[in-house]
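>>> I'd like to go over a predicted model; first the sequence, then the structure.
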Amino acid sequence: MTPSRAAHGRGAPSETTPWLDDSAGRVTRPYTASGGRTRPAVALDLLSLVTATGVRPRTALGAEHILALRLCAGAVAVTVAEVAGQLRLPAVVVKVLLSDLMESGAVTAQAPRFPGGATSAAADDQTLLRAVLDGLRRRL
């Protein structure tokens, strides 16, 4: 593992500026990826399917935005939860990132549908669990 200094660690390591190795994880707080925002401009469910449109974003993107966009660019739509897991960021932060990408025209999102036409917000717990189980069975 290659040691590196903390974000503000200049000079020799000490109790206030410890060395971090590659497995130490993120040096910055997750909310910095969303500019401190905690509410997305567009309502997204964890099971919303997100797909890249191929349209070039109209605004400048941060590093996390670019990573999220790459995850959505595959042949198969991904859920908000999958993007959060791959980026290792809290779901609320990823919702803000994806909301930004939606506003820029780079991605689209489709609300999940369950048997009977219910959306995830209206689906009962049993229906939701069955849909998740069916999805897992198809993927595995």
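That came through, no problem.
>>> burial of L101, as a residue count?
When neighbours are counted by other C-beta atoms under 10 Å, L101 registers 25. To be clear about C-beta, it is placed using only N, CA and C from the backbone, and glycine gets the same treatment.
>>> so how far is L128 from the nearest residue to it once chain neighbours are set aside?
In space, and not counting its chain neighbours, L101 is closest to V107: 4.4 Å by C-beta to C-beta, 6 or more residues apart in numbering. Distance from V107 to L128, counting by C-beta to C-beta, to the nearest Å: 24 Å.
>>> The two: who's more crowded?
V107 (27 against 15).
>>> Under the pLDDT cut-off, which ranges of the protein? List them.
1-41, 114-124 (pLDDT under 70).
>>> What ranges does it have for its strands?
Per DSSP state E, the chain carries strands over the ranges 4-5, 19-20, 49-52, 78-79, 107-110.
>>> List the contacts of the residue lying closest to L67 once chain neighbours are set aside.
Of all residues not flanking L67 in the chain, L87 sits nearest, at 5.9 Å (C-beta to C-beta, 6+ apart). Applying C-beta atoms under 8 Å, 6 or more residues apart in numbering to L87 gives the contacts E64, L67, A68, L71, V94.
>>> from those residues, which is closest to L46?
V94 (9.4 Å; C-beta to C-beta).
>>> Brilliant, that's me finished.
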